[in-house]
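# Can you look at this prediction? I've put the sequence above it.
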Amino acid sequence: MMRLRDEQVRALLNASRETRDVEIDCDDFLSLMAEYAEVRAEVARSRKASRRRALTRGSARVAAKSSRRSSRS
């Protein structure tokens, strides 16, 4: 389950106020919220994977530098 920060909930409420001309029912709202949550979760997974790859690359660079230093000795 994904929790929204206060500012995210406010942004959703403001967006819904701005679109009053397009009325939606509860089912539509819940469907749109589920879609929003899925997109947010995918973004979070993507960011986490990017950080993991960056850390792996950083670790590989450190290991390579260490290996070069020890081979010079």
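Looks like it arrived, so ask away. Because the structure is a prediction, the values reported are computed rather than measured. Numbers count the residues shown, from 1 in each chain.
# And the strands in the protein?
With strands called from DSSP state E, the chain shows none.
# Which residue would you name as the spatial centre of it?
With the centre of the chain defined as its mean C-alpha position, the nearest residue by CA atoms, centre = their mean is residue 44, 2.2 Å away.
# Quick check: which ranges of this protein have low pLDDT?
59-73 (pLDDT under 70).
# about what we covered before: from residue 6, how far off is the residue nearest to the centre of the chain?
Distance of residue 44 to residue 6, computed by CB to CB, to the nearest Å: 18 Å. C-beta coordinates here come from the backbone N, C-alpha and C atoms, glycine included.
# got a list of what the closest residue to the residue nearest to the centre of the chain other than its chain neighbours touches?
Of all residues beyond its chain neighbours, the one nearest residue 44 is residue 2 (7.8 Å), with distances taken as CB to CB, 6 or more residues apart in numbering. Residues near residue 2 by CB atoms under 8 Å, 6 or more residues apart in numbering: 37, 40-41, 44.
# List phi and psi for residue 2.
Here is the backbone geometry of residue 2 (degrees, to the nearest 10): phi -110, psi 130.
# How far away from the center of its chain is stretch 20-29?
In terms of CA atoms, centre = their mean, to the nearest Å, the gap separating the centre of stretch 20-29 from the centre of its chain is 26 Å.
# Show me the contact partners of it.
Counting by CB under 8 Å, 6+ apart, residue 32 sit against stretch 20-29.
# Could you give the number of residues near residue 8?
Residues lying near residue 8 (other CB atoms under 10 Å) number 13.
# quick one: residue 10 from residue 48, how far?
Look at residue 10 and residue 48: by CB to CB, they are 25 Å apart.
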